[in-house]
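In: Structure for this input, please:
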Amino acid sequence: MLFSQDKPFDRSVSYKLNSQGYRCPEWTDIDWTQSHLLFGCSVVQGIGLKDADTLDQGLSKLLNQPVVNLGVGGGSLPFILANTFLLIDSGIIPKSVILIYPEPSRIALFLKDSVKHVGTWEHEQWYRTWLKDNNAEYYGYLAGRSIESAWASVGVQVVSLHQPDVPGPEDLPRYVDVAKDGQHPGPKTIKLWAEHIANKKARLSELLG
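Out: Predicted coordinates:
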């Protein structure tokens, strides 16, 4: 149903993954209509965090409803857009979608048997060219707007937020600690993020009725 993923690259903690490489239950064990879908990159997947400390777990407690973690390491807005259409075309209508914007210049290369995630760690000349001027960021902006519009077109509320280092209309709180890999947000930061997202979701729900 969704594109398969590789295992997380950090081995400082153990990760409970489903058969497709996502940090959530098997697709057949998810009640999609009663769940919120959480999209993003490694900060959503929870690299360097124990299962109990991931963003989906914190949000699930605050919302008192299931939150499905669809974050992937190195994930991009085009990749999330592709998964969005795979889900919609499968007839899946969740309670809501929570989108944590990855760095906008990232792209996904859809290869014959796999997906390669490409970002600022890529040193190939073609990617350096991709970053020039406003090209990459504008494509990322278009992909983000497309994700939000696609879900809105089937009546699903979308809560969108940006990481502290990703420019956007609303940023998540800055890091107050780091995960065991020394790079990603730690459990205290994730707790702040969950509270921030839940509050924004409540405000949007009140506005939308």
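In: For the residue nearest to Asn69 when sequence neighbours are not counted, give its distance to Asp165.
Out: Using Cβ to Cβ, 6 or more residues apart in numbering and skipping the chain neighbours, the partner closest in space to Asn69 is Asp56 (3.9 Å). Backbone N, C-alpha and C define where each C-beta goes, glycine included. Between Asp56 and Asp165 the distance is 21 Å, computed by Cβ to Cβ, to the nearest Å.
In: thinking the residue nearest to Asn69 is in contact with Leu62, fair?
Out: No: Asp56 lies out of contact with Leu62 (Cβ atoms under 8 Å); the separation is 10.9 Å.
In: Centroid-nearest residue for this structure?
Out: Nearest to the mean C-alpha position of the chain, by Cα atoms, centre = their mean, lies Gly40 at 1.3 Å.
In: Which stretches in the protein count as strands?
Out: Counting by DSSP state E, the chain has strands at residues 36-39, 67-69, 96-101, 107-110, 115-118, 157-162.
In: nearest to Ile30, of those?
Out: Minimum separation from Ile30 across those (Cβ to Cβ) falls at strand 67-69, 5.9 Å.
In: May I have the strands that pair with the closest one, each with its orientation?
Out: strand 36-39 (parallel) (DSSP bridges).
In: and the residue nearest to the centre of the chain, what does it touch?
Out: Leu55, Leu70, Gly71, Gly75, Ile80, Leu99, Ile100, Tyr101, Pro102 (Cβ atoms under 8 Å, 6 or more residues apart in numbering).
In: List phi and psi for it.
Out: phi 170, psi -160 (degrees, to the nearest 10).
In: ok, now the one 10 residues further on?
Out: For Lys50, the backbone dihedrals (degrees, to the nearest 10) come out as phi -70, psi 160.
In: tally of neighbours for the nearest residue to it once chain neighbours are set aside?
Out: Nearest non-adjacent residue to Lys50, counting by Cβ to Cβ, 6+ apart: Val13, 5.4 Å away. Applying other Cβ atoms under 10 Å, we find 16 other residues in the vicinity of Val13.
In: I appreciate the help and will end here.
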